[in-house]
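generate coordinates for the sequence data below:
(one chain, ligands or ions: 2)
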Amino acid sequence: MTNFLQRTTIACVFSAIVILVIILTLAPSVDAAGGITPPSGVSLSFPPFTSAINCSTDASARTTWKPSDMCRIQDGGREVMFSVDFATSIRYQYYRKVQLWIPGTRYAASFSTTFVVAFLRGSERVEDGNYNPFGGGIAFAMTPDQRVGRGSAETLGLFEIDERTGKSLRGANTKTFAVEIDTVRMSTVPSFNDPQTPHVGVDINGVKSTAAASLGTFQQFVDRKIAIFIDYDAQQQLLQVRLQNLGFAGNSTQTPDKRRARLYLNIHNLRVSSIVNPQSYVGFSSSIPEDDHGVYILYDWKFTTKWVPINY
Ligand SMILES: *[C@@H]1O[C@H](CO)[C@@H](O)[C@H](O)[C@H]1NC(C)=O
Ligand SMILES: *[C@@H]1O[C@H](CO)[C@@H](O)[C@H](O)[C@H]1NC(C)=O
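Ligands and ions are numbered 1, 2, ... in the order given. You can find the predicted model right below:
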């Protein structure tokens with residue numbers, strides 16, 4: 001009897017130890033500061049452009065076109081061309097969500113993203129003067145899903161908007177942070193109040209930018225390769241957006257170099273973790289041009305995160 005009890009006790013203690021070891025192994029590790037050790041950062045780099053980036057379109061778009069006809073991977077994966085034979089919007093985002101912060105911990109992801117894009121104007125539009133947008137522009141976007149926003153080119157495919165205010169109609173579910181290169185503006189909407197296009201702006205749950213800066217005239221901007229550098233420091237709560245004009249797409253010899261790019265936006269007190277979901281899709285949202293008007297070309301895209309301690 002004693003032996004049986006002892007054996008049972010030993011068995012119980014042993015089981016408890018095994019369970020404890022399993023629990024400790026599964027739990028996130030605890031660091032010296034008592035916080036949860038953050039996951040390792042992500043690093044995405046294209047080209048080659050592959051099916052790791054989803055092209056999604058507005059489901060209501062009248063079309064027999066497939067998404068792959070609107071985001072055309074060309075030249076052995078070296079570039080992606082955006083255009084189709086009617087005005088529509090697309091998302092072109094990494095197929096998996098990326099971790100940007102973790103509720104209840106003192107860590108958030110800083111991120112850096114760089115891409116090179118060209119807005120190539122159709123030849124018959126060249127003589128049409130300065131204010132001659134085609135498509136709506138393109139935005140780097142962090143979103144809760146890959147559901148393309150319906151509506152005018154001003155939406156950039158981010159979400160449906162109130163045409164008077166530019167605010168999202170998706171309410172509390174919008175959870176979108178974007179940096180737009182805006183090439184179209186509905187001049188009949190005075191409340192948008194953005195600078196003349198083309199401009200670069202920060203969009204938080206609305207396409208009336210919270211901050212924006214002019215990119216000069218269309219003549220200085222179209223048909224060029226433009227490198228965009230977006231850097232967010234989650235600890236400093238600082239967003240910086242730089243652009244570098246690499247010259248005509250047809251004969252540019254310059255390569256992207258952040259040190260030679262010009263700082264257009266320098267935004268303090270920006271808490272991306274209070275805008276987006278802990279896990280969000282990253283990539284692009286665009287109102288793409290009609291074939292006859294021009295095309296957008298994406299030449300490369302890099303996105304990396306680095307986890308930093310935060311005190312908010
Ligand atoms: C994105 O692509 C993945 C597979 O690559 C697919 O499972 C997923 O449904 C796609 N997401 C959307 C929103 O189309
Ligand atoms: C580069 O291309 C542009 C536009 O096609 C053209 O106007 C310019 O003359 C070209 N420059 C050179 C050096 O070839």
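
now the residue nearest to residue 58 when sequence neighbours are not counted: how far from residue 105?
Distances taken as Cβ to Cβ, 6 or more residues apart in numbering put residue 148 closest to residue 58, at 4.4 Å, once the chain neighbours are dropped. Glycine gets a C-beta too; all of them are placed from N, C-alpha and C. When distance is defined by Cβ to Cβ, to the nearest Å, residue 148 is 32 Å away from residue 105.

same deal with residue 63?
Taking Cβ to Cβ, one finds residue 63 at 44 Å from residue 105.

equivalent analysis for residue 222, please.
As judged by Cβ to Cβ, residue 222 and residue 105 stand 45 Å apart.

more neighbours: which of those two?
residue 222 (22 against 16; other Cβ atoms under 10 Å).

for the more buried one, which residues are in contact?
Residues near residue 222 by Cβ atoms under 8 Å, 6 or more residues apart in numbering: 119-121, 294.

now do it against ligand 1, distance only.
As for residue 222, its distance to ligand 1 is 31 Å (criterion: Cβ to the nearest ligand atom, to the nearest Å).

what do you get for residue 105?
The separation that residue 105 has from ligand 1, given Cβ to the nearest ligand atom, amounts to 28 Å.

what's the closest non-adjacent residue to that residue?
residue 36 (4.7 Å).

wait, doesn't the one you found sit right on residue 102?
Yes: the pair residue 36 and residue 102 passes the contact test of Cβ atoms under 8 Å, sitting 6.8 Å apart.

give me the more crowded residue out of these two.
residue 102 (19 against 16).

my guess is that one contacts residue 37. True?
No: the pair residue 102 / residue 37 is not scored as a contact, 10.3 Å apart, by Cβ under 8 Å.

I'd assumed residue 245 was in a helix, is it?
No: counting by DSSP: H, G, I helix; E, B strand; the rest coil, residue 245 falls outside a helix, being strand.

correct me, but it touches residue 224?
Yes: under the criterion of Cβ under 8 Å, residue 245 makes contact with residue 224 at 5.4 Å.

how about the contacts made by residue 311?
With Cβ under 8 Å, 6+ apart, residue 311 has these contacts: residue 106.

is residue 111 in a bridge, and if so with what?
Taking DSSP bridges as the rule, residue 111 bridges to residue 232, residue 305.

hmm, I was thinking of residue 224
Bridge pairing for residue 224 (DSSP bridges) gives the partners residue 248.

so it makes contact with residue 247?
Yes: the criterion here is Cβ under 8 Å, and residue 224 meets it with residue 247 at 6.1 Å.

so for these two, which residue has more residues nearby?
Each of residue 224 and residue 247 has its neighbours counted (other Cβ under 10 Å); residue 224 has more, 19 against 14.

which residues of the stretch 201-312 of the chain lie near ligand 2?
For the stretch 201-312 of the chain, the residues in contact with ligand 2 (Cβ under 6 Å from any ligand atom) are 248, 250-251.

of these - the most surrounded one?
Neighbour max across those (other Cβ under 10 Å) = residue 248, 13 neighbours.

how about the contacts made by the residue of the stretch 101-250 of the chain found nearest ligand 2?
Taking Cβ to the nearest ligand atom as the measure, the stretch 101-250 of the chain has residue 248 as its residue closest to ligand 2, at 3.8 Å. Counting by Cβ under 8 Å, 6+ apart, residue 248 makes contact with 223-225.

how near is it to residue 220?
11 Å.

and for residue 39?
Distance from residue 39 to residue 220, counting by Cβ to Cβ: 42 Å.

next one: residue 183
13 Å.

more neighbours: the two, which one.
More crowded of residue 183 and residue 220, by other Cβ under 10 Å: residue 183, with 26 against 11.

and the more buried one, what pLDDT?
Residue 183 is assigned 88 on the pLDDT scale.

how about it, phi and psi?
Residue 183 has phi and psi values of phi -110, psi 0 when expressed as degrees, to the nearest 10.

my read: it touches residue 197, true?
Yes: with contact defined as Cβ under 8 Å, residue 183 counts as touching residue 197 (5.3 Å).

which residues do these two both contact?
133, 137, 218.

helices - which of those land there?
Among those, the residues falling in helices (DSSP state H) are residue 218.

which of the shared contacts of residue 183 and residue 197 tops the neighbour count?
residue 137 (28 neighbours).

that residue and residue 179 touch, don't they?
No: contact criterion Cβ under 8 Å: residue 137 and residue 179 do not qualify, at 10.8 Å.

now the helices: where do they sit in the stretch 151-300 of the chain?
Here the stretch 151-300 of the chain has its helices, by DSSP state H, counting those that start in this stretch, at 218-221.

what sits against the closest residue to residue 206 other than its chain neighbours?
If the residues on either side of it in the chain are set aside, residue 206 comes closest to residue 167, at 4.3 Å by Cβ to Cβ, 6+ apart. Neighbouring residues of residue 167 by Cβ under 8 Å, 6+ apart: 161, 205-206, 208.
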